[in-house]
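Peer 1: structure, please.
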Amino acid sequence: MADQPPQASPMAVPPVPTQGASQCMISMTAGDILLTIGHGRVGVSVNEKGQPSPVPTVEWLMSLSLSPTSCRALLLALSQTVETYEKTFGKIPVDPKAKLEVDEAGTFSK
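Peer 2: Presented below is the predicted three-dimensional model:
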């Protein structure tokens, strides 16, 4: 019987806090790419008539600094994940204001 190469096992992911985000800002230098993520929020201000008025704001949560190589790997992984997601659940709308409605089968409906 020939020696079998070792099988890769999935890496255990330690428990970490999960944070949702609806906003992303990207900047770069020659040495790194910085992803800053946050939540869109609606604050309240008082307008010139003394009435409350909604004010959209962003609560920035964290920044992630990646090397260009790591960023490329993330880009490929995200691309493959989105492709698999859309094959499974349906096309994701590009418009960020679009409402995602999921039917009983777990796919997007219009």
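
Peer 1: what helix or strand is the most centrally placed residue in the chain on?
Peer 2: For the chain, the residue sitting closest to the mean C-alpha position, by Cα atoms, centre = their mean, is Ala21 at 6.4 Å. For Ala21, there is no helix or strand it lies in under DSSP states H and E.

Peer 1: ok, the nearest residue to it once chain neighbours are set aside to Gln19 distance?
Peer 2: Nearest-residue entry for Ala21: Ile37, 4.0 Å, with adjacent residues in sequence omitted and distances by Cβ to Cβ, 6 or more residues apart in numbering. C-beta: built from backbone N, CA, C; applies to glycine. Shown here: Ile37 relative to Gln19, a distance of 8 Å by Cβ to Cβ, to the nearest Å.

Peer 1: likewise for Thr69?
Peer 2: Taken as Cβ to Cβ, the spacing of Thr69 relative to Gln19 amounts to 25 Å.

Peer 1: quick one, phi/psi of the residue nearest to Ala21?
Peer 2: When read as degrees, to the nearest 10, the backbone of Ile37 gives phi -120, psi 150.

Peer 1: now swap in Leu76 and tell me
Peer 2: Geometry field for Leu76 lists phi and psi as phi -70, psi -40, criterion degrees, to the nearest 10.

Peer 1: before we move on, the earlier item: so which of Ile37 and Gln19 has more stuff around it?
Peer 2: Set side by side, Ile37 and Gln19 show more neighbours around Ile37, with 18 against 10, by other Cβ atoms under 10 Å.
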